[in-house]
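>>> Just a sequence and a predicted model for now, questions to come.
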Amino acid sequence: MRQPLARRVLDRMFVRGEVVEVERMTPRMRRIRIAGEALAGLSWTPGQHVRLLVGDGRGLLGGVLRTYSIWRHDPTWEAVDLIGYDHGGDAPGASWVRSAAPGQEISFTRPEGSFVVKEAPYHVFAGEETASVAFGAMLRALPEDAAVYGAVEADGPGEHLDLPRKLVRVCRDGAPAAGSRALVDAVRELDLPDRPGVAYLAGEARTIQAVRAHLVGERGWSRRDVRTKPFWTPGRRGLD
């Protein structure tokens, strides 16, 4: 009786699909396509995420929830493309990114979240590898004539994800991504218009807090003009 009950709970809470394609985008980033009839007509706004049920299979739900931004979605595909970053170690999220393979069944929540583009005189994007997935979708959603600025950090030149708009590329060169000063310095050097626009900061929690502090404290932006989305930080459960 336990398995049928678990299945009914999953079907009520989650969308079920199957991994149908895996592609390495950078040395540490993999594009994972999930498809299935249950994805037909799935509603999504660029920048939103899903929460995947991953882990060791123990408990009623059979795992833990980890958040992934949607790289691309088209209802006619009955599929979504996620890109996961393998930061090493044995955390549930990183382990799933490494092991995902065609034929694997996966359950996930419907797209959610308010980290999406809004109307603004111009747009500023700043984050590291994990942020670039959401940024790619958000940048594709902007009108062609929208003014865009920003910086994206990665460990090295080959770790950058190709994005639809040109942003400043910053490399850490082996320095920790947590609390990175390189990204803050890159944003500080951006030649932005005098009046505030809207900023989208995502990735490691402490780093995006520092970038926000720069925009608010040094450039005089209002906090309401700065949208943040912390994806991870060392030692914090659920953000590993």
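Great, that's in hand.
>>> switch to C-alpha atoms for all contacts and neighbour counts from now on
OK.
>>> excluding its backbone neighbours, what's nearest the most centrally placed residue in the chain?
With distances taken as CA atoms, centre = their mean, Ser69 lies nearest the centre of the chain, 3.8 Å away. Setting aside the residues directly before and after it, Ser69 is nearest to His49 in space (CA to CA, 6 or more residues apart in numbering), at 4.1 Å.
>>> pretty sure that neighbour contacts Pro111?
Yes - counting by CA atoms under 8 Å, Pro111 is a contact partner of His49 at 5.3 Å.
>>> what about those two, which has more around it?
Using other CA atoms under 10 Å, the more surrounded residue of His49 and Pro111 is His49, with 22 against 18.
>>> Beta-bridge partners for that one, please?
Beta-bridge partners of His49, counted by DSSP bridges, are Ser69, Glu112.
>>> Helices along the protein, start to end?
With DSSP state H, the ranges of helices along the chain come out as 2-13, 92-99, 129-141, 181-188, 205-217.
>>> still on that earlier bit, which residues does the residue nearest to Ser69 contact?
67-70, 111-113 (CA atoms under 8 Å, 6 or more residues apart in numbering).
>>> so what are the domain limits for the protein?
Following automatic domain parsing, one finds the domains of the chain at 2-108, 123-232.
>>> mind putting these in JSON lines, distance to Val117 included?
As requested, these are exported to JSON lines (distance: least, CA to CA, whole Å):
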{"stretch": "domain 2-108", "distance to Val117": "7"}
{"stretch": "domain 123-232", "distance to Val117": "6"}
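>>> Confidence-wise, which of those domains is weakest overall?
Ranked by mean pLDDT, the domains of the chain bottom out at domain 2-108, which scores a mean of 87.
>>> How much space separates the closest residue to Arg31 other than its chain neighbours from Val50?
In this structure, Arg31 finds its nearest non-sequential neighbour in Ile83, 4.3 Å apart by CA to CA, 6+ apart. Distance of Ile83 to Val50, computed by CA to CA, to the nearest Å: 12 Å.
>>> For those two, indicate the residue with more neighbours.
Shown here are Ile83 and Val50; by other CA under 10 Å, Ile83 has more neighbours (25 against 20).
>>> ok, the more buried one - contacts?
29-32, 68-71, 133 are the contacts of Ile83 under CA under 8 Å, 6+ apart.
>>> picking that back up, between Ile83 and Val50, which contacts overlap?
With CA under 8 Å, 6+ apart as the test, Ile83 and Val50 both reach 68-70.
>>> Out of those residues, which is nearest to Leu39?
Using CA to CA, Ile70 comes nearest to Leu39 of the shared contacts of Ile83 and Val50, at 13.2 Å.
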